[in-house]
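Student: fold the following and give me the result.
(2 chains)
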Amino acid sequence: MEIVQQQANQYCGFKIAGEEYAIPVMEVQEVIKPLQVTSVPLAQDEIRGLINLRGQIVTSLSLRKLFGQDENLSQDYMNIIVKGDDGLYSLVVDEVTDIIDVEEESVERVPDTINPRIKRFVDRIFKRSKGLVVLLKIDELIKLEEKREK
Amino acid sequence: MENDALKNEFLVESFENLSSINEDLTRLEKDPFDKELLNKIYRTVHTMKGSASFLGYKKLQEITHTGENLLDELREGNITVTSEIVDTLLETFDICHNFLKNIEATNEEGEVDFEEIQKRLEAHLKGESSKPQENEAIDRQSVEEDIISQMSGLVAANPEEAAREAVNTPETDSAEEDDLDLDNLVQAHRSVTAKEKTETQSESAEMGLSSAALESLKELVSDGKIDASAFDDLEKNVTTSPVAETEVVAATDAISSAAMDSLRELISDGKIDSSALDEIKDVDLSAVEQSVSPTEIEVVFKEEHKEPEEGNIAEPVIKPQPVVNNEKLEDLDQQIRGDDMKKSIVDSFVRVNVNVLDKIMNVVGELVLNRNQILQYASKADSSEFNRLSQQLNVITSELQSEVMSTRMQPIGNILTKFERLVRDIARSHNKKINLNLMGSETELDKSLLEAIKDPLVHIIRNSCDHGIEDLPGRKSAGKSEQGTVTIKAYNESGQVTIEIFDDGKGLDPQRIGQKAVEKGIISEAKLNEMSESQIINLIFKPGFSTAEKVTNISGRGVGMDVVKTNIEKIGGTVSVNSNLGYGTNFKLRIPLTLAIVPSLMIKSKGENFAIPQLNLVELVRLETSQDHEQIETFSGSEFLRLRGKLTPIFRLDKELGLEKVQQKSKEINQINSLNTLNPTDKQESSNLHSMEEVHAAMNIVILNAEDNIFGIVVDEIMDTEEIVVKALNNKLKDIKIFGGATIMGDGSVALILDAIGFLSEVSHIDIEKAEELAEDSNPINAIDASFEYQENLLFKLYDDRIYAIPLTLVSRLEEFDASKIEKTGSQKIVRYLDAPMPLIGVEKALSLEGKSILEEESLPEGTSLSCIVTKIRGRNFGIIVKEVMDISIDHTKIDDTAVDREGIIGTIFIDEKTVPLLDLYSILAAQNLGVSNKEITNAKLMPKTILLVDDSPMYRKLEADSLREIGYTVITANHGLDGFEKLQNQDFDLLITDIEMPLLDGFGFARKVRDELPAKQIPIIALSTRVSDKDLEKGRESGFNHHLEKFKKEEVVDLVNSILQGSNYGNSSTAS
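Tutor: Coordinates of the predicted model:
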């Protein structure tokens, strides 16, 4: 029981455009290096394409695009594989930092002033001694957005 | 936990047992004396009772116990099997099924009322247990007496005693001893042979029984007790020699089916061994020699040698046994056999959860991909040993893959046999006689698909039995045999499994269906009038439809057929119905072999791979030279391919998908990471290819069919066909309808699957959702059906921004002209086209529309281009200036000519839920005062001739008549064959032109009628149809057509008419052109 409790407070940290974010470690299936991506024509901007993860098709999502930033085309991005209700998603991030133990007492609600583009994805903010970590809601990340005008 | 596992085991086993009991009971009813079957049922019930009591399910135990008692009495022969008893037993086990379901759901038996059935079971046990016993005894006796009395007239000395001896001698003997000793057998056989002898003399008397005898022999054969070759020989004997036939008759007739059963048991028990039989044979031969005349010996001898021992000799020997002591034999049977037989079958099977199979399948899929990668790597590596090993891996993996796939395949018979019960129950409750005929039960289908089609099949079969097959008086008055037949036929056809369900019932009444549909508001009256019979029949698949005049408990709840349709379509199948009023209905289901694997064509565009399911593929077109490229018409940004004279819309895949951008994106994503080592050169090449295409390199067009909309897509490269494994796309990508999924290719990369219907709806102007509905209404499946007629119209916008249509037959080209090319002669604007001036016409004024044609503008700005439809009328080209060409509509609805509100419009057609006016180009052009009149037409000096034109479509009738009248012929029109025939009787015509598809009397029938009944007329007949197939041509020739042409080829028709009527060609050309 204790282990589960402990894991529940563990987050997988990663960086996008220099800022640190994290998602619950329990939701992460694995972290992999870049794989070949097949683009999907006509798809939303943030969708990089499809990758083949050991015979399973994974939809690759660029978190940079999702957060309204320019695609960083560095060579060593990472895929964080998470499981959605409808299959696997790969969250493309600049780098994976570490497993972060989130202490409940230093967690805060989402400030109202946060970038509205990102706001819907944010769960809470974790204040660390050095810097903030934005805790994200995976469900929101992989949720189908309202159909946009093409 | 342990209990749970036990319970599950019990449930799985019991459900299986129950379903086999159901099947067996229905079979038992047909063959009440099948002891083996009864024993099997008894054993199964017994097992169930045992398990139930072990697990403490009291009620289940109680009810199975009573059921078991009744079965026991049945197999003891104390009670005869009747339909009532079978009913009660079936219901008993239905209750057991309910108990089991409750246990599955709640762990408890729950409340199921079984008092009543319990009482009925007991009633069968008590009330009828003594009576049937007598009956049975009497039955047996009377059978024997029958045989005896048949013989008696012919037998010389004391025949009755001889026969009785035959029956009685072994009776006492074997009753006393459990082991059948040889002496008894010999003795028994001797007496039977004696009886046989007498029987052979009664040849003629017995002839009538021969078929029954053969039947019982066949039964033996099918049970594997007599081998087939022996039976064939025997049958040969029977057919070649009448003497032999009576011999067989005599031998077999004497054997009651009960006797055969016990014989079979004994043999399978190994109780009769071959050495004993050999001796019998010897004895038998001598006995025969003693008592039978030489010719007869020969016949008997033949049989002896060609039939294995069991067939001929052993049967009479054991025959009397069951009369004597059933119980003892039964015991014997049980002792000896025990569970041996059961084990041998059951032990070779293992029950596996389908989920496990699915998982194995997935893992194998991954293995295959891994293998592919290893193979690719090995081909680059130097090590020959590594190469060898990878090849080995290749072979093994392939084998594993195919084996795993085959585990999921199951014969369709698994579900078809269950319908025996269904049909039987319906027949009994409705006092009908229905015979279920199963064909192709061995056809295999993926397990999950098999499950998915079960319910739809139940609905269809219920419908066939309930609504289709008439009740007894109904069948009688229709002049049919009392017994109706429902046939289920399954077979493999072009990579799919087709299941057909026929019944020979009353068929579907289109009138009643139409009426009902209107009543229920499924369709408007106006629309109904436009529909063909087969379209109306297919209305039964619409939600909320039910034709049953009274709702029965079997079908007719109004949720049937639409659910069938949706369920079948969910698994990628199709369902259609055909019916012949008064003669029956035929449902046709097409099911893909498996869901997971789809044969597809792999194509490439801008370096990206795509898969196109072959289901949608019509053909591949390659335009090699620049000349070929002229087949592509560009018009207002839409492209059309002239495909055998028809304009087919084509789309460039790279353009529609924005592949230029995509290519850029994937380059950025992949190449920067130097991941794209797999095929960077490929991409370069194909983009080169594309740039070359601009200067008219070869062009590949894939022609697809999306629910009867034919269109083409232009791709860079056509690769191979591959069997791909379909993987679903995530929700984020679901709303891109163009893609039906994704798949993983041999090299490990991902390819998207193009969905033809989705593609068309995404790229075409017309909302295909609606078009789909239209297509559904017109039933795409019936494209195979010959009674299928369609018309094609070109849709365009005029300057009042509304959509209009003209028949595609009138369109010769679509052009665009630059405004600067337009010249003026007087007030008429013309343009030089094909080296001749072509008048340009704006139709807005002629139709008094609101908008103003661009032609009427005083000056057109430089660079304006005008969209123009070129039409050839009276041998001259005219250009009709329109605002925008929209699309081509292919539809099957009739033209409504009731709502014509102004000159120049033939009628309206219904496209995409909108009413579109169809322009009458002839009258528009006539009103244009173009200085062209009939006098100028080259064919002005025609001999006056009269033509009879028969067509049911008002539009074609008008079009054809107009074009012929223009040339100077007199044209009389008729609506259909009968109308035409009347007119033909009353008036002389020089030529008859007829449509094929017409109500009341079609073109074929019409021609036949004319040829048969009015042979003196000798009138040439030209048939016109929308499609001309070889079969149609053949049929047309037989019916008496002189020529058979496609409707759309207007000029050919006119040429042909001229050549016939002006005398040059007719007479020496009797073949259809």
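Student: where along chain A do the helices fall?
Tutor: A:2-8, A:63-66, A:116-119, A:138-141 (DSSP state H).
Student: stretch B:719-736: end-to-end distance?
Tutor: From its first residue to its last, stretch B:719-736 covers 24 Å (Cα to Cα, to the nearest Å).
Student: and that stretch with chain A, contact?
Tutor: Yes - for stretch B:719-736, a contact with chain A is found by Cβ under 8 Å from any Cβ of the partner chain, at B:727-736. No exception for glycine: its C-beta is placed from N, CA and C like everyone else's.
Student: and that stretch, what's buried?
Tutor: B:722, B:724-727, B:729-733, B:736 (16 or more other Cβ atoms under 10 Å in any protein chain shown).
Student: and chain A, is stretch B:361-368 touching that?
Tutor: Yes - applying Cβ under 8 Å from any Cβ, one finds stretch B:361-368 in contact with chain A at B:362, B:365-366.
Student: which other helices and strands contact the lengthiest helix in chain B?
Tutor: The longest helix of chain B (DSSP H) is helix B:2-30. Packing contacts for helix B:2-30, counted by 3 or more Cβ pairs under 8 Å, 6 or more residues apart in numbering or on different chains; DSSP states H and E, involve helix B:35-55, helix B:83-106, helix B:419-429.
Student: drop anything exposed from the residues of stretch B:361-368 next to chain A.
Tutor: By 16+ other Cβ under 10 Å, the residues of stretch B:361-368 next to chain A give B:362, B:365 as buried.
Student: nearest to chain A among the residues of stretch B:361-368 next to chain A?
Tutor: Nearest to chain A out of those is residue B:366 (Cβ to the nearest Cβ; 3.8 Å).
Student: pLDDT on the helix or strand hosting that closest one, on average?
Tutor: Taking DSSP states H and E as the criterion, the element that holds residue B:366 is helix B:354-380. Averaged across helix B:354-380, pLDDT comes to 79.
Student: got a list of what residue 111 touches?
Tutor: Just so you know, I chose chain A. By Cβ atoms under 8 Å, 6 or more residues apart in numbering or on different chains, the contact set of residue A:111 is residue A:125.
Student: and the pLDDT for it?
Tutor: 81.
Student: that one and residue A:20, how far apart?
Tutor: For residue A:111, the distance to residue A:20 (Cβ to Cβ, to the nearest Å) stands at 16 Å.
Student: residue B:401: which element?
Tutor: Assigned by DSSP H and E, residue B:401 falls in helix B:384-408.
Student: need the residue closest to the centroid of chain A.
Tutor: Centrality entry for chain A: nearest residue to the mean C-alpha point is residue A:91, 5.1 Å, by Cα atoms, centre = their mean.
Student: about what we covered before: give me the subset of the residues of stretch B:719-736 next to chain A lying in helices.
Tutor: B:731-734.
Student: quick one: which of those residues is nearest chain A?
Tutor: Nearest member of these to chain A, counting by Cβ to the nearest Cβ, is residue B:731, at 4.6 Å.
Student: can you tell me the closest non-neighbouring residue to residue A:89?
Tutor: Nearest non-adjacent residue to residue A:89, counting by Cβ to Cβ, 6 or more residues apart in numbering or on different chains: residue A:142, 4.8 Å away.
Student: surely the one you found and residue A:81 touch.
Tutor: No - Residue A:142 lies out of contact with residue A:81 (Cβ atoms under 8 Å); the separation is 11.5 Å.
Student: the two: who's more crowded?
Tutor: residue A:142 (22 against 18; other Cβ atoms under 10 Å in any protein chain shown).
Student: return the residues in contact with that one.
Tutor: A:61, A:82, A:84, A:89, B:730, B:732.
Student: so what's the residue count around the first one?
Tutor: Residue crowding around residue A:61 was assessed by other Cβ under 10 Å; the count is 25.
Student: and the stretch 751-900 of chain B, which residues reach chain A?
Tutor: Counting by Cβ under 8 Å from any Cβ, the stretch 751-900 of chain B sits next to chain A at B:751-752, B:762.
Student: can you list the residues of chain A near chain B?
Tutor: So chain A meets chain B at A:34-44, A:47-52, A:54-57, A:59, A:61, A:71, A:73, A:75, A:84-89, A:142, A:144, A:147 (Cβ under 8 Å from any Cβ).
Student: look up how far residue B:561 lies from residue B:522.
Tutor: For residue B:522 relative to residue B:561 (Cβ to Cβ), the value is 12 Å.
Student: more crowded one of the two?
Tutor: With neighbours defined as other Cβ under 10 Å, residue B:522 and residue B:561 compare such that residue B:561 has more, 25 against 17.
Student: residue A:94 contacts residue A:15, correct?
Tutor: Yes - applying Cβ under 8 Å as the test, residue A:94 and residue A:15 come out as touching, 4.9 Å apart.
Student: so if I had to pick from these two, which one is more boxed in?
Tutor: Each of residue A:94 and residue A:15 has its neighbours counted (other Cβ under 10 Å); residue A:94 has more, 18 against 14.
Student: report pLDDT for the more buried one.
Tutor: At residue A:94, the pLDDT recorded in the model is 89.
Student: just residue B:535 next, same as before
Tutor: 78.
Student: which SS class is it?
Tutor: helix (DSSP: H, G, I helix; E, B strand; the rest coil).
Student: count of neighbours near it?
Tutor: Using other Cβ under 10 Å: residue B:535 sits among 23 other residues.
Student: for chain A, see how far away it is.
Tutor: According to Cβ to the nearest Cβ, to the nearest Å, residue B:535 stands 34 Å off from chain A.
Student: next: residue B:856.
Tutor: 37 Å.
Student: what about that residue, neighbour count?
Tutor: Neighbours around residue B:856, by other Cβ under 10 Å: 13.
Student: what ranges does chain A have for its strands?
Tutor: A:10-16, A:19-24, A:28-32, A:47-53, A:56-62, A:78-84, A:87-93, A:95-101, A:107-108, A:122-127, A:132-136 (DSSP state E).
Student: just send these back as a markdown table, with distance to residue B:976 too.
Tutor: Formatted as a markdown table, the strands of chain A follow (distance: least, Cβ to Cβ, whole Å):
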| stretch | distance to residue B:976 |
| --- | --- |
| strand A:10-16 | 74 |
| strand A:19-24 | 72 |
| strand A:28-32 | 69 |
| strand A:47-53 | 57 |
| strand A:56-62 | 56 |
| strand A:78-84 | 61 |
| strand A:87-93 | 57 |
| strand A:95-101 | 77 |
| strand A:107-108 | 82 |
| strand A:122-127 | 73 |
| strand A:132-136 | 72 |
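Student: touching, the residue nearest to the centre of chain A and residue A:83? I think so.
Tutor: No - taking Cβ under 8 Å as the definition, residue A:91 is not a contact partner of residue A:83, at 11.5 Å.
Student: run through chain A and note the low-pLDDT ranges.
Tutor: A:1-8, A:72-75, A:144-150 (pLDDT under 70).
Student: just the closest residue of the stretch 501-650 of chain B to chain A, please.
Tutor: residue B:608 (6.9 Å).
Student: please apply the same query to the stretch 201-350 of chain B.
Tutor: residue B:350 (26.2 Å).
Student: could you measure from that residue over to residue B:407?
Tutor: Counting by Cβ to Cβ - residue B:350 and residue B:407 are separated by 11 Å.
Student: just grab the bridge partners of residue A:50 for me.
Tutor: According to DSSP bridges, the partner residues bridging residue A:50 are residue A:38, residue A:59.
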